[in-house]
Every structure is written in C-alpha cells, then in structure tokens.
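> Give the three-dimensional model of this entry:
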Amino acid sequence: MRAIATWLLLLVSLTSAAAEESKVRVGPIDAVLTVPPNVARPPVALLIAGSGSTDHDGNGPQLKPATLKKLSEQLVARGIATLRYDKRGAGGWKKEFGRPEDFRFRDLVDDAASLVGYLRVSGRFSRIAVVGHSEGGLVAILTAQREPVDRLVLLVTAARKQGDLLKAQLEKQLPRDRFEPIGKAIDSIMAGQIVDPPPVELAIPPAMQPGMTSAFTEDPIDPLRKITGPVLVIAGGRDHQLVRLDFLALTTADIAAKSLWLPDMNHVLVDVTDDADDVASYNQPERPLDPDMIDAVASFIGQGRGDRGEQ
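Okay, here's the model as predicted:
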C-alpha cells in the first residue's frame, strides 16, 4: 500500500508540474485556473472554500490544511481542470468589495456565480461542476440555483442554518452558564436584532451583525430541493463540526443524490484516528486527502449522465 501511495503522489507531482496554471481576475475576485495537460475541453470544477477569510489553497490566517490545493492537484491529475479563488477578506479587505459592514452572505454567491459565468463564456470546458467545502457547500447550492451547472458536489456541508449550527457546536463545547448568553445573542442576531454589547465570547461588533444575520439565516434544505441536476453528498464519521444527521438531511432533501459516508474522514477531508490526530490535521498541508473521497468526486464530475443513487 505504501508503494502505491508513493506512486500516486509521484503521478500527482508530475501532472501538476505539466499542468497549465494561470492567475485569473473576475471582477474583484482573484483566482487560480489549473488545466490538465493534453486534455481537449476537460470538465472543470469550481472549488468553493469554507467559512472565514479563506484563500484559494483552502488556508486561513490560523489554520492551514491546504484542502483546496490538494483537491485541485488530485482532480487535475485525473484530467479535470479546477478554478479556486480567494474569498472576500483573504489577504485583506479590498475597497472593490465596499464597506465591510455592508457585506451580506449573498455577496459570496454573487462571487461564485460570476466565476461560473466566466468558465461558461470561456468555452474551454466540456462540463462545469461546483464543489463546495463546508460553508462553501451552502454557497454552492445557492450558486447552482442561480447559474446552471452540470454537477454539484457537497463536501462535509451542514444541513442547518449556520446560526443553529454554531449554537449546537458551542453548546457541546461550553458549560451551560457560559453558553446561555451566547445562545441568546445568536438567536437575537438571527432575528435581525442588534446585540450591543455582544457577549465577550461572541465579539461581533454591532455594525457587522446585519451581515452575520444574513449568514446565520440561510437555509440549505429548501434550495437544495429545487436543484434538478446531479448532486453528490460526501461526509465523514470523524468530522467533529457536523453530525451524521446533517448528511442524512441533505440526502433526504435530494433523494436522487449520490452519497458517500467515509467513517475515518474528518472536516478537512483527511483520515484521522482520534481527537488529537483530528486537531493536528488542520495544520498539516502535506497530509493526503481521503482517497475514496477523491475517487468519488473525480468519477462523479467526469462521468456521463448515468444513473443516480447511493455509492
């Protein structure tokens, strides 16, 4: 097995070295387009990162798992082009984005939709897939509602409103007396109210709270039900940010979706053995992604319009 893994890494390295990689700017969005060598009109995947000011590699200011970079390398090695981009705020806030306090969650959807439009107009690709990781899955769902795409892939994506998800996560982590004021503040923000002052452990300035309201209240389930194209949902058993009910709710919302549950995969798409290994993996950019996840995503993007269903 080690020899096979080493060979695959060598193959990815050689393919990456030969791939055509170029910087792209679409409006204010900076992106990286990577095209596999010797493939005429390959399929292309728009890779959408999770929450925070995440860059085109899938790295943030503190956590650097390089999730999108590794996924791109693996897809390119399998003949699939990728477009990955810096989310708003990555590397600093640009004046082209307007005032930070005027940000709304749908701005992220606007960005992704404009990139889908760029890929379509280019005429270089046979098929367009949108691949969303974590919060990027919600962006991907809303983008697929707005812009026709050929494939939609949801990687470790929540089935709940983000405000409800955050409350559930914090309730597990904090003692009850510390959680209660935070939970009430999140409820108030979700209701469109301004919390001033906010709890110390939820230090969202009042001016930024309307933007958080827009993020906290987007529901993935109803828009997912309206998606008519092929969908793939993948989640992992060692993901401590989500629960299996999220996975089941997404697959129930689109009963024709393909789905894959990987017992050892965590939230940054690598296999881990325990809690300590899980935490360490968030800053191990060299750590390989789950191979079954990669195979499933590549096969789904590359396949014809065949049957849909459980993998």
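
> can we go C-alpha only for contacts and neighbour counts from here?
OK.

> Next secondary structure element downstream of the lowest-mean-pLDDT helix or strand in the chain?
Within the chain, no helix or strand scores below helix 2-18, which has a mean of 53 by mean pLDDT, DSSP states H and E. Following helix 2-18 in sequence order, the next helix or strand is strand 20-26 (DSSP states H and E).

> in that following strand, what counts as buried?
Neighbour-count burial for strand 20-26 flags E21, V24 (criterion: 16 or more other CA atoms under 10 Å).

> next structured bit after it?
Next element after strand 20-26 (DSSP H and E): strand 29-35.

> State the mean pLDDT of that following strand.
Average pLDDT, strand 29-35: 98.

> cool, stretch 122-135 as well?
97.

> tell me which residues of that stretch are tucked away?
Here stretch 122-135 shows F125, R127, I128, A129, V130, V131, G132, H133, S134, E135 as buried, counting by 16+ other CA under 10 Å.

> same deal with stretch 295-305?
In stretch 295-305, counting by 16+ other CA under 10 Å, buried: A296, V297, A298, F300, I301, G302.

> Redo these as JSON lines? Include pLDDT, distance to E73 and secondary structure.
JSON lines is the format used below for the buried residues of stretch 295-305 (pLDDT from 0 to 100; distance: CA to CA, whole Å; DSSP: H, G, I helix; E, B strand; the rest coil):
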{"residue": "A296", "pLDDT": "98", "distance to E73": "15", "secondary structure": "helix"}
{"residue": "V297", "pLDDT": "98", "distance to E73": "13", "secondary structure": "helix"}
{"residue": "A298", "pLDDT": "98", "distance to E73": "11", "secondary structure": "helix"}
{"residue": "F300", "pLDDT": "98", "distance to E73": "17", "secondary structure": "helix"}
{"residue": "I301", "pLDDT": "98", "distance to E73": "15", "secondary structure": "helix"}
{"residue": "G302", "pLDDT": "93", "distance to E73": "15", "secondary structure": "helix"}
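
> Save those residues as a markdown table, and put in distance to G91 too.
Formatted as a markdown table, these follow (distance: CA to CA, whole Å):
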| residue | distance to G91 |
| --- | --- |
| A296 | 32 |
| V297 | 29 |
| A298 | 30 |
| F300 | 33 |
| I301 | 30 |
| G302 | 33 |
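
> which among the residues you listed gets closest to V116?
Ranked by distance to V116 (CA to CA), the buried residues of stretch 295-305 are led by I301 at 15.1 Å.

> quick one: low-confidence parts of this protein?
1-17, 304-311 (pLDDT under 70).

> what ranges do the helices span in it?
Applying DSSP state H to the chain gives helices spanning 2-18, 67-77, 106-122, 135-146, 162-173, 176-190, 209-216, 221-225, 244-253, 275-281, 291-302.

> Dump these to a markdown table, plus distance to L152.
As requested, the helices of the chain are exported to a markdown table (distance: least, CA to CA, whole Å):
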| stretch | distance to L152 |
| --- | --- |
| helix 2-18 | 24 |
| helix 67-77 | 15 |
| helix 106-122 | 12 |
| helix 135-146 | 7 |
| helix 162-173 | 20 |
| helix 176-190 | 28 |
| helix 209-216 | 21 |
| helix 221-225 | 10 |
| helix 244-253 | 13 |
| helix 275-281 | 26 |
| helix 291-302 | 9 |
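
> Is there a neighbour count for R160? I'd like the number.
Using other CA atoms under 10 Å, R160 is surrounded by 21 other residues.

> quick one: contacts for the residue nearest to it when sequence neighbours are not counted?
Closest residue to R160 apart from its sequence neighbours, by CA to CA, 6 or more residues apart in numbering: D219 at 6.2 Å. Contacts for D219 (CA atoms under 8 Å, 6 or more residues apart in numbering) come out as A159, R160, K161, Q162.

> farthest-separated two in the residues you listed?
The span of these, defined through CA to CA, is set by A159 and Q162 at 8.8 Å.

> quick revisit: quick check, nearest of the contacts of D219 to Q169?
Distances from Q169 to the contacts of D219, taken by CA to CA, are shortest for Q162, at 10.3 Å.

> Count the neighbours of that closest one for me.
Q162 has 22 nearby residues by other CA under 10 Å.

> so it makes contact with F216?
Yes: if you go by CA atoms under 8 Å, Q162 and F216 touch, sitting 4.6 Å apart.

> Who are the contact partners of A49?
D55, H56, G58, L68, K87, G132, H133, S134, E135, G136.

> which residue sits closest to it in space, ignoring its chain neighbours?
Computed as CA to CA, 6+ apart, the closest residue to A49 that is not its neighbour in sequence is G136, at 5.0 Å.
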